[in-house]
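J.: What shape does this take:
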Amino acid sequence: MKKTKAINKPKQLSTKKDQTPLFISLICVISFIAFSPSLLNQIDIWDDYYYLNLNPYLKILSFENIKNIFIHPYLANYQPFTLITYTFEYSLFKFNPLPYHLTNILLNLLNSVLLYFFIRQLTKSNNIAFVTAILFGIHPLHVESVTWVSERKDVLYALFFILGMIFYLSFKEKKEKKYYYLTLAMFLFSCLSKAMAVTFSVILILLDYLKDKEFKFSSLYNKIPFFIISLIFGLIAIKVQKEGGAIGFTSNNVYTFSDKFFFANYSLFFYIYKMFLPFHLSGLYPYPVKSGAPLPLPYLISPFINAAFFFFIIYSIKRSKNIVFGCLFFLISIFPVLQILSVGAAIAADRYFYVASIGLFFLAGVGFNTIFENKKFVQYKSALIIFGILIILGLSYQTSERTKVWKNSGEFWGNVAEEFPKLELPYFNRGAYYYGIKNYDAALNDFSKAIECYPNYKEALQWRAEIYTNQTKYNQAKEDYLHLIRINTENADVNTKLGEIFGRYLNNPDSAIIYLTKANQLQPNNFSIIDNIGISYAMKGKLELALQFFMQAQKLKPNDQNTLMNISITYKNMGNIKKAEEYHQYAVNAGRK
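T.: This is a model prediction of the structure:
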């Protein structure tokens, strides 16, 4: 009798008690606890001041304002949906930090839960879905995206990105057009939240690869609208970032083509490495200093590690679609920020990993489930579960501690300085934070460290000179201003400050006149400069010249009491008592006003 061939039935979810409520609860509780310290954080780090305090679209919740948000890019980004969320929050909570941070945490929880349902829909496996989602929800590399208020765009674009993938799988399974249109809508919303969403159209092809038995070119037809949207938003992103000065930040004259090849490779290697070992994280990963020496070893070995990664993908093509899917999901999502086209001042950033991490976390879920379901390893199941729990606890703790680094600008830039002690920027920015809270000694120390790292750091020299002046350390202030003059002799403000230091505090009117005269040439009709020149000539006893400049100053500010009094005193010293009394009375009347 001829044997009938067994029909391969599609893999179904386990008929055992549904573990979904337990898994969802664990994802939400553990993720919330891991990120909860950020609820105590401020909103003063880096771009926060621009997105909130200086945001011209924030203060008024109106149709006109929302229309402007859609029309005008902001801070070299086109992200209207993200800006609208800030506008709504500001209308309710003003600058109270808690709601902004809570919104980001809740969006991360929602993304993690949606990711669980997406992966379960994709693989029919609760285990793979849980591992992928819990890692996504708690990984330390996601702290920047969740804890930094300015990175709302990450958690928001990810929300629509994941929803879009869920609707696309529903479209493939049910063949109902409404799911196709919902997919298209979610993709559009994702692009309106952050331009990195443009990779979604390629991810759809990747989903076809995983779900379909064989690839069909006809399946590309329904991707055409997605690619058109990707192209439009990609071009918008390039245009606004170019206009904002973000593209091409690293000078072509500084780095060679060879350098950029290693930068792109290192950038890719960075995310894989930090996924497994999320230590020594930083809010800024600067380009290596171009010193003539070879690039650091991690840059030089990264192409070989990446080559091994690509070989692994090729090796897996005939063995596991899941592995190929996970690897390519990561590569496609991270590709736009691999510094092939230099964007920004950093070679890598934790925030770029947020959506791209789904691919690598999916691989971790597949690996866990493969071992867990394999009968050969049944005796190791308990050990595997314990190992998994330890990983989750370890990552959660690391994330919890990492969120505290984002408490305020002082903590944040202090951490960057610890990781990159020879970089001047973190010292300057932490110094600016200390200056803002009137801790001038700490600010002075940081500005000095910034200048040690980069002796021609103009902003640090200027701020340090100001502190020296306020602390009556006039000679130190003078040296900093002289350094600034050597850097740029055409700076009117520095010439003015130097003139004031020499004239008012160091009793050197000759030097004061030299720098104030230069400032007056650079910035004519400046009342303060002209008035100070008059004071310097008066100190020298050149009363006719002093009176000439006081009169110029008085024309600019007719009722300035100090200038009127200076004119009165000058006339008195010249022996013109009548004029002296006349201007003295003007000064008294000006004081009454």
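
J.: Mind checking the pLDDT average for stretch 499-516?
T.: Per-residue pLDDT values across stretch 499-516 average out to 94.

J.: Do you know the pLDDT at residue 55?
T.: For residue 55, the predicted pLDDT is 88.

J.: Now do the same contact list for it.
T.: 74, 83, 86 (CB atoms under 8 Å, 6 or more residues apart in numbering). Quick note: C-beta positions are derived from backbone N, CA and C, even for glycine.

J.: quick one: it is in a helix?
T.: No: under DSSP: H, G, I helix; E, B strand; the rest coil, residue 55 sits outside any helix and is assigned coil.

J.: Endpoints of stretch 243-261, how far apart?
T.: With CA to CA, to the nearest Å as the measure, the ends of stretch 243-261 fall 25 Å from one another.

J.: for the stretch 451-593 of the chain, what are the low-confidence residue spans?
T.: The stretch 451-593 of the chain contains residues with pLDDT under 70 at 593.

J.: gap between residue 289 and residue 295?
T.: Separation of residue 289 from residue 295 (CB to CB, to the nearest Å): 10 Å.

J.: Quick check: buried residues in the helix or strand containing residue 107?
T.: According to DSSP states H and E, residue 107 maps onto helix 97-123. Neighbour counts over helix 97-123 (16 or more other CB atoms under 10 Å) mark 97, 100-105, 107-120, 122-123 as buried.

J.: In TSV, list the contacts of residue 55 along with secondary structure, pLDDT and distance to residue 206.
T.: Listed next are those as TSV, based on DSSP: H, G, I helix; E, B strand; the rest coil; pLDDT from 0 to 100; distance: CB to CB, whole Å:
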residue	secondary structure	pLDDT	distance to residue 206
74	strand	90	32
83	helix	95	30
86	helix	95	33
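
J.: Looks like residue 295 contacts residue 301 (just checking).
T.: No: Residue 295 lies out of contact with residue 301 (CB atoms under 8 Å); the separation is 10.3 Å.

J.: any idea how far the nearest residue to residue 104 once chain neighbours are set aside lies from residue 443?
T.: Distances taken as CB to CB, 6 or more residues apart in numbering put residue 146 closest to residue 104, at 5.1 Å, once the chain neighbours are dropped. Taking CB to CB as the measure, residue 146 falls 30 Å from residue 443.

J.: So for the two, which sits in the more crowded spot?
T.: residue 146 (29 against 23; other CB atoms under 10 Å).

J.: What confidence value was assigned to that one?
T.: 98.

J.: In contact with it: list those residues for me.
T.: Applying CB under 8 Å, 6+ apart, the residues near residue 146 are 35, 38, 104, 105, 107, 108, 154, 155.

J.: before we move on, what about residue 507?
T.: By CB under 8 Å, 6+ apart, the neighbours of residue 507 are residue 539.

J.: Got the domain ranges for this structure?
T.: Taking automatic domain parsing as the domain assignment, the ranges for the chain are 20-286+295-409, 508-593.

J.: Output the ones you listed in TSV; the columns should cover distance to residue 482.
T.: Listed next are the domains of the chain as TSV, based on distance: least, CB to CB, whole Å:
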stretch	distance to residue 482
domain 20-286+295-409	29
domain 508-593	10
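
J.: Residue 347 should be in a strand, yeah?
T.: Yes: the assignment for residue 347 (three-state DSSP) places it in a strand.

J.: Test my guess that it contacts residue 266.
T.: Yes: contact criterion CB under 8 Å: residue 347 and residue 266 qualify, at 6.7 Å.

J.: higher neighbour count, these two?
T.: The residue with more neighbours, out of residue 347 and residue 266, is residue 266; 27 against 20, by other CB under 10 Å.

J.: For the helix or strand containing that one, could you pull out the residues that count as buried?
T.: Taking DSSP H and E as the criterion, residue 266 maps to helix 257-276. With burial defined by 16+ other CB under 10 Å, the residues of helix 257-276 counted as buried are 259-260, 262-272, 274-275.

J.: what comes into contact with it?
T.: Against helix 257-276 from outside (CB under 8 Å, 6+ apart): 139, 141, 255, 281, 285, 287, 290, 295, 298-300, 302-303, 305-306, 309, 330-331, 334, 337-340, 342, 347-348, 350, 352-353, 356-357, 360.

J.: ChimeraX command for the buried members of those residues?
T.: Under the burial definition 16+ other CB under 10 Å, those of those that qualify are selected in ChimeraX by:
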select :139,141,255,281,285,287,299,302,303,306,330,331,334,337,338,339,342,347,348,350,352,353,356,357,360
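
J.: out of the contacts of helix 257-276, which are inside strands?
T.: 285, 347, 348 (DSSP state E).

J.: Thought residue 352 was touching the first one, still the case?
T.: No: Residue 285 is beyond contact range of residue 352, at 10.5 Å (criterion: CB under 8 Å).

J.: pretty sure residue 104 is in contact with residue 155, am I right?
T.: Yes: with contact defined as CB under 8 Å, residue 104 reaches residue 155; the gap is 5.6 Å.

J.: residue contacts, the residue nearest to residue 317 when sequence neighbours are not counted?
T.: Sequence neighbours aside, residue 324 is the residue nearest to residue 317 in space, at 5.8 Å (criterion: CB to CB, 6+ apart). Residue 324 sits next to 209, 313, 316, 317 when contact means CB under 8 Å, 6+ apart.

J.: next one: the helix or strand encompassing residue 324 to chain centre, how far?
T.: Assessed by DSSP H and E, residue 324 sits inside helix 321-334. The offset between the C-alpha centroid of helix 321-334 and the centroid of the whole chain comes to 25 Å, using CA atoms, centre = their mean, to the nearest Å.

J.: Return the member of the contacts of residue 324 nearest to residue 399.
T.: Proximity of the contacts of residue 324 to residue 399 (CB to CB) peaks at residue 313, which lies at 28.9 Å.

J.: pLDDT score for residue 62?
T.: So residue 62 comes in at 88 (pLDDT).

J.: and residue 398, what helix or strand is that in?
T.: helix 381-405.

J.: who's in contact with stretch 471-484?
T.: 440, 455-456, 458, 461-462, 464-466, 468-469, 491, 494, 497-498, 501-502, 505-506.

J.: same check, this time on stretch 19-31
T.: Here stretch 19-31 makes contact (CB under 8 Å, 6+ apart) with 108-109, 112-113, 116, 120, 126, 129-130, 133-134, 137-138, 392, 396.

J.: Apply 10 Å and report the result again.
T.: When contacts are defined by CB atoms under 10 Å, 6 or more residues apart in numbering, stretch 19-31 is touched by residues 13, 105-106, 108-113, 115-117, 120, 126-127, 129-131, 133-139, 142, 146, 392-393, 395-396, 399.

J.: Report the buried residues of it.
T.: Buried-residue list, stretch 19-31, by 16+ other CB under 10 Å: 23, 24, 26, 27, 28, 30, 31.

J.: pretty sure the second one belongs to a helix, no?
T.: The one in question is residue 24. Yes: under three-state DSSP, residue 24 sits within a helix.

J.: With residue 134 as the reference, measure out to residue 383.
T.: 19 Å.

J.: Kindly report the same for residue 590.
T.: For residue 590, the distance to residue 134 - CB to CB - is 72 Å.

J.: low-confidence ranges in the protein?
T.: Checking the chain against pLDDT under 70 turns up 1-16, 245-253, 341-344, 593.

J.: contacting residues around residue 384?
T.: So residue 384 contacts 368, 371, 372, 377 (CB under 10 Å, 6+ apart).

J.: Kindly recompute the last result at 7 Å.
T.: 371, 372 (CB atoms under 7 Å, 6 or more residues apart in numbering).

J.: List the buried residues for stretch 197-212?
T.: So for stretch 197-212, counting by 16+ other CB under 10 Å, buried means 197-208, 210.

J.: these two touch, right, residue 51 and residue 85?
T.: No: applying CB atoms under 7 Å, one finds residue 51 not in contact with residue 85, separated by 10.6 Å.

J.: quick one, which of the two is more surrounded?
T.: Neighbour comparison, residue 51 and residue 85: the larger count goes to residue 51, with 24 against 19 (by other CB under 10 Å).

J.: That one looks like it's in a strand, true?
T.: No: Residue 51: not assigned to a strand; according to three-state DSSP it is helix.
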